[in-house]
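S.K.: Output the structure for:
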Amino acid sequence: MSDEVKLSLFQKISAVMRDVEYLSKDDKVEFNNTKYKAISEEKVTATVRASLIKHGLIVIPVEQIHTKSGNLSTVDVKYKIIDIDTGDFEIIVSSGTGADTQDKGVGKAMTYSYKYLFLRTFAIPTGEDPDKVSSAELDDKQRKREEEAKKPPAALRAKWKMLSGGKIHGFDDWVVQQTKKGWSYSDMEQALLTRLDEKKAEEEAANA
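M.R.: Below you'll find the predicted structure:
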């Protein structure tokens, strides 16, 4: 009979914490005049993975919910950390948010969630937290998108010029007035199209 003492799940988690006491940042992030260092998911996963294998632990996602607001995707994930020797496990949770204008937001959010799952579960310090800078970057992008969305589309402006003989005078005031009425840019464009059709009909009738 073997005299080997088997560690419990929590003892193995503690052993991983002893193995990975600190992770230095290995990535650089630049935004306008702001530059800061960050730690990559690759470094976190590679370092923790080696210790997990060493101590017989595996981590798998078992449940995930994701939501999207604008270009921000958020995932809330439940992971199961399992002791392969005993089958004992604990459920641990993590969340992540990823910004992307295309279809990669969820993937970025999952990467963020996975990285911080390891950093928080095993209490791994990385130095100064760059999240405040990251938030400032996202806020700036969101502000620019909102400002851009407030601008009337070029097609609407073009139809106004067609009606006014190439002039743009009065366009901004007209847009403000229609906005106060609750009109969307689509509503305004449809109104101008209707007026263009009426104008065309009037000109044809006058020339008949």
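
S.K.: which other helices and strands contact the host helix or strand of residue 193?
M.R.: Secondary-structure element containing residue 193, defined by DSSP states H and E: helix 185-207. Secondary structure elements in contact with helix 185-207, counted by 3 or more Cβ pairs under 8 Å, 6 or more residues apart in numbering; DSSP states H and E, are helix 154-163, helix 171-180. (C-beta placed from N, C-alpha, C; glycine too.)

S.K.: most tightly surrounded among these?
M.R.: Mean neighbour count (mean count of other Cβ atoms under 10 Å) peaks for helix 154-163 among these, with a mean of 15.

S.K.: mind saving the C-alpha coords of that helix as PDB?
M.R.: The C-alpha coordinates for helix 154-163 follow below in PDB (Å, rounded to 0.1, in the frame of the first residue of the first chain):
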ATOM      1  CA  ALA A 154     -24.500  62.600 -46.200                       C
ATOM      2  CA  ALA A 155     -27.400  61.200 -48.200                       C
ATOM      3  CA  LEU A 156     -29.800  63.400 -46.200                       C
ATOM      4  CA  ARG A 157     -27.700  66.500 -46.800                       C
ATOM      5  CA  ALA A 158     -27.500  65.700 -50.500                       C
ATOM      6  CA  LYS A 159     -31.300  65.400 -50.900                       C
ATOM      7  CA  TRP A 160     -31.700  68.800 -49.200                       C
ATOM      8  CA  LYS A 161     -29.300  70.400 -51.700                       C
ATOM      9  CA  MET A 162     -31.200  68.800 -54.500                       C
ATOM     10  CA  LEU A 163     -34.400  70.500 -53.300                       C
END
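
S.K.: angle of it against helix 185-207?
M.R.: 20 degrees (axes from the mean of the first three to the mean of the last three Cα atoms, to 10 degrees).
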